[in-house]
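Chemist: Sequence plus the predicted model coming up.
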Amino acid sequence: MPAEAPDRAPPSLVGRALKEALVTGFLAFALFLPLVGFVSVQSMTNTLLLEARWESLFSVVALIAIARFLYVLAGPWLERRRARAKPSAPASNLRKVFSKFFTPFALGFAVVYPIFVLAFTGINPGALKWIDNFGIQILIYVMLGWGLNIVVGLAGLLDLGYVAFYAVGAYSYALLSKEFGMSFWMLLPLSGILASFWGVLLGFPVLRLRGDYLAIVTLAFGEIIRLVLINWVSLTNGYAGISGIPRPTFFGIPFNASDEGFAAIFGLEFSPLYRTIFLYYLILALALFTAFITIRLRRMPVGRAWEALREDEIACRSLGINTTNTKLTAFAMGAMLAGFAGSFFSARQGFISPESFTFIESATILSIVVLGGMGSQIGVAIAAILLVGGTEIMRELDFLKQIFGNDFEPIRYRMLLFGAAMVLIMIWKPRGLISTREPSIFLEERKAIPADLLKEGRG
Amino acid sequence: MALAPHDVLLRVEHLTMRFGGLVAIHDLSFEAKRGVITALIGPNGAGKTTVFNCITGFYKPSEGRIALLHGDPVLWNELDVVTARGQRSLRRPEGALFLLERMPDFLVTEKARVTRTFQNIRLFQGMSVLENLLVAQHNMLMNASGFTALGIFGAPSYARAQREAIERAVYWLEKINLLDRADDAAGELPYGAQRRLEVARAMCTDPVLLCLDEPAAGLNPRESADLNELLLSIKKDGITSILLIEHDMSVVMQISDHIVVLDHGIKIADGTPEAVRNDPNVIAAYLGVEEDEVQNVAAKVGL
Amino acid sequence: MEVFVQQLINGLTLGSIYGLIAIGYTMVFGILNMVNFAHSGVFMVSAFIALNALLLITTWFGVSSMVMALMIIMVISMVLSAVLNWTIERVAYRPLRKSFRLAPLISSIGMSIFLTNFVQVTQGQRNKSIPPLFHKQIILMDNGNYTVAVSYEQITIWVVTILLLGAFWFLVTKTSLGRAQRACEQDQKMASLVGVNVDRTISITFVIAAALAAVAGSMYLMYYGVVSFSDGFVPGIKAFTAAVLGGIGSLPGAVIGGLIIGLIETMWSAYFSIDYKDVAVFGVLAIVLIFLPQGILGRPDVEKV
Ligand SMILES: Nc1ncnc2c1ncn2[C@@H]1O[C@H](COP(=O)(O)OP(=O)(O)OP(=O)(O)O)[C@@H](O)[C@H]1O
Ligand SMILES: [Mg+2]
């Protein structure tokens, strides 16, 4: 903010706001002129024609200018609020109570969620959407986030190709179950093992590297896996993907309409809901398994070594810790959990294609970890709910059509808002939602470690 | 094993370290004896930290040999054989011999049991004091946890090992007077306490040789005196010998048994504190600017 | 032989485009130590700006000289992309400058997703194709069944790249701006103490990066004659690969890396399999990093203990 005439104490606020709104509006005009102001459309003769959209352009520019104007006007008020919010000693007490009850409450909610949904919608396919798109979808990302959290949040290794291991798990399940008819329960661990095998294979040469190279090589690896899946058509059926993947059974009882089906055996009317509910609890169990493993491992020497590695690799080496092996275990563990999630994904969808394993997926999972607060499991879960749930809810906003007219399709803005949200949340909370660290062991009293002391790793 | 004091523990021979054109250490040879405190002193940029980096495996020396002995000094006779065979170490029932310049840094600590501290403190700032001391016992705990496999199911052997590790941590926390801060983040401690904690953390690896890089830097006289006491008590326990880089002459003269003086990467003196103090080379290169300061130091220390 | 020469020509063309984008990655990495994922988005947006500008001046204003048109759209695209990148730095990275390492990275990923979807929402999902600007090519070799030709588009790309790199080279080696940039790369705090305006230097870095990417974007549009909202990602990571291959932080390295990546891609397509050309590129990246971690021209980073 330009500091003008400090002697004339408050320079007219409105004047300043107007000026800044003008500048911002001008900038917005330049930014949005080429792509909002104009659009190219295909004519009858298949050539491109340019159309102007002055209305849209001016409404966007005006909106931004007004927002800026109001923001500047609200400036002093926001400042005062911030100043008042500073001494937050009593708030921390509240937070303690909150954090004490939050986990059991959230767990309980996750367990009763399908019942809750059914209570609202009744046993009809309408419930599917809420259990599947929200419940299962979010839990998959919670699990992936927790898995990547081991690599990024605990060990401080930046992995930009995490989705590769998810893909390995998914394709392992799809191919092995179709080719050899192996069961879900056998392939679940096997997919995890295969994924972690790939993790070790990739990690072995790469984890010796320092700095950002790991990020780059994992990014490249993620792309390689995806390209191989696309191009090795004889194995993976390329872009078309694999369909007809066997669905998981209820310990041998299939979820179908036949006489041996789940519904028939338990004397229920057939409905696709039962499978969905079963899948919900399955992914919930897998996610909780991930959480459990992580909590246990953090209290083991490996887990402490991971965190020490994130804090200071050189100090680790001076204490006799084999840092390459330590990184490798984190990498393999993360890959294995992604493999589990992948095989679940494959079994849930019944169809997979390389589309599901793009860089955007890796980026989303990484964002969940970072937005959640590195290393914090609760934070990661909240971030997954916010990001994934938030984008899913965009599908449900059809009522907006009544406001903006029938041409308005909220779904189109889904990923746009997703990207913007990522930027805004980072600016709002650069260290993530829950940024303090709980020590893994204590003598007298567990004291949270403030965020500004934590390092984020260099590998 | 009967560890006779004053046997040679560490032998640095013809050590040279070059960084491109810069010769940081040139043909340096010295010995550190068991059960004593050996000090490495010299003006800024003399190459002291570089010597530590070579000993602890962080840098590969350009030339030279660094050997360390556990156990029976008879094994020193095997040194040339081991070197010629291209081996890293020799293990016998009566002891072991290590060629440190051939070992990666973490093995120097794990196998040869040489642990260092850093000139600019390198604690795990975001971990609690207790966690810092447990990470230092990583290898012991890792074995006890059956490389995690047993530990994750709560095997009693691991629980016992962890209890012992905590006991050891508490022992050192008492010694450095930080027991009441065990659950605080290491980064929250005052500077002097961080220095002490780094020494304690290194001691938790159970070293035979503790390499301290300017442990008294930035301490006030009281803290400095406490540190002296700590180092002397480590020496008295007789398990760990100390190699010490220090600028504070009062510390050096007071507690070290043997001093090696470096200047521009070259050894200019090597002997008892008295001999070094009176060495004209040292006075010229290091203390020489004001000869009476030497007298002052000597008077203060009471030599 | 003919195939080789032709692929050499194609590879150098593609490599020039990658090189121009790679400079942006390398400059931002050098100064902020951050992988700017949004750069590929800026590249793609610049291609769209060029497209709309081209349509504007040809169909609305009836400019018929293609050379003229090309120059105008390049300038428009450079200016508007520069404004865009300046804004991105201001909004998404500057507030996170002193924050921890992953925050700006995530912010840049978010920004990249935003840009891609912004173009999808405003310009539609379909590919946009334009007729070739020049219909001419020069035939270099002809043995009856295989002709080796250089198109005017390719020549344009080379000439523009060389001119631009010359100007850019002058800018970063001979001017005070270049000195300020190098100072900020070394140590921002120190640089600001000796009077370098760090904020401004970083802003200018983003502006230059975007301008170069915009030239690459315009030429990409001209060369392929088609662009879609999803076109940023793949050239983006390839250019980034190029920057790493050349040695991240090294400007000539970025150009050399770009040319190498372009050549690997075209040669692999010709002699092995076009399907796996991208796999080859990333494979080379991984191998280079393992055996030559600092890249071809990068400074080896020594670990001071
Ligand atoms: N990794 C390295 N690369 C290049 N030069 C180095 C490296 N490490 C040390 N040096 C150089 O070697 C010389 C000796 O440095 P060293 O840190 O060993 O000195 P020192 O005796 O510990 O000094 P001080 O008392 O300041 O700690 C210095 O000139 C230093 O710049
Ligand atoms: Mg030093």
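Modeler: Yep, it's here. Ligands and ions are numbered 1, 2, ... in the order given.

Chemist: all contacts plus neighbour counts: C-alpha atoms, from now on.
Modeler: OK.

Chemist: buried set for the least confident helix or strand in chain A by mean pLDDT?
Modeler: Every helix and strand in chain A was compared by mean pLDDT, DSSP states H and E; the lowest is helix A:400-404, with a mean of 70. Within helix A:400-404, not a single residue qualifies as buried, counting by 16 or more other CA atoms under 10 Å in any protein chain shown.

Chemist: Mind checking if the very next helix or strand once past that helix is in reach of chain C?
Modeler: Once the chain leaves helix A:400-404, the next helix or strand it forms, by DSSP states H and E, is helix A:414-428. Yes. Applying CA under 8 Å from any CA of the partner chain, one finds helix A:414-428 touching chain C at A:415, A:416, A:417, A:418, A:419, A:420, A:421, A:422, A:423, A:424, A:426, A:427.

Chemist: In contact with the residue in the stretch 1-150 of chain A that chain B sits nearest to: list those residues for me.
Modeler: At 15.3 Å from chain B, residue A:150 is the closest residue in the stretch 1-150 of chain A, using CA to the nearest CA. Counting by CA atoms under 8 Å, 6 or more residues apart in numbering or on different chains, residue A:150 touches A:294, A:330, A:333, A:334, A:375.

Chemist: Quick check: which element contains the residue lying closest to the fourth one once chain neighbours are set aside?
Modeler: Nearest residue to residue A:334, sequence neighbours excluded (CA to CA, 6 or more residues apart in numbering or on different chains): residue A:147, at 4.9 Å. Element membership for residue A:147, per DSSP H and E: helix A:137-148.

Chemist: do residue B:262 as well
Modeler: Using DSSP H and E, residue B:262 falls in strand B:258-263.

Chemist: what stretches of chain B score poorly on pLDDT?
Modeler: Residues of chain B that meet the criterion pLDDT under 70 lie in B:1-6, B:147-154, B:286-303.

Chemist: Quick check: the farthest pair among the contacts of residue A:150?
Modeler: A:333 and A:375 (14.8 Å; CA to CA).

Chemist: who's more crowded, these two?
Modeler: More crowded of residue A:333 and residue A:375, by other CA atoms under 10 Å in any protein chain shown: residue A:375, with 29 against 26.

Chemist: So the more buried one, which state does it fall into?
Modeler: Judged by DSSP: H, G, I helix; E, B strand; the rest coil, the three-state class of residue A:375 is coil.

Chemist: Surely it is in contact with residue A:440?
Modeler: No. The pair residue A:375 and residue A:440 fails to qualify as a contact (CA atoms under 8 Å) at a distance of 11.7 Å.

Chemist: just checking, what packs against the longest helix along chain B?
Modeler: Scanning chain B for the helix with the most residues, using DSSP state H, yields helix B:156-175. For helix B:156-175, the packing partners by 3 or more CA pairs under 8 Å, 6 or more residues apart in numbering or on different chains; DSSP states H and E come out as helix B:129-135, helix B:138-144, helix B:191-203.

Chemist: got the CA positions of the following helix or strand past the last one in PDB?
Modeler: Past helix B:191-203, heading to the C-terminal end, the next element that is a helix or strand (DSSP H and E) is strand B:209-213. Once side chains and other backbone atoms are set aside, the C-alpha atoms of strand B:209-213 remain, and they are given as PDB (Å, rounded to 0.1, in the frame of the first residue of the first chain):
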ATOM      1  CA  LEU B 209      35.300 -41.000  20.500                       C
ATOM      2  CA  LEU B 210      33.200 -37.900  20.900                       C
ATOM      3  CA  CYS B 211      34.100 -35.100  18.500                       C
ATOM      4  CA  LEU B 212      32.900 -31.700  19.700                       C
ATOM      5  CA  ASP B 213      33.000 -28.800  17.300                       C
END
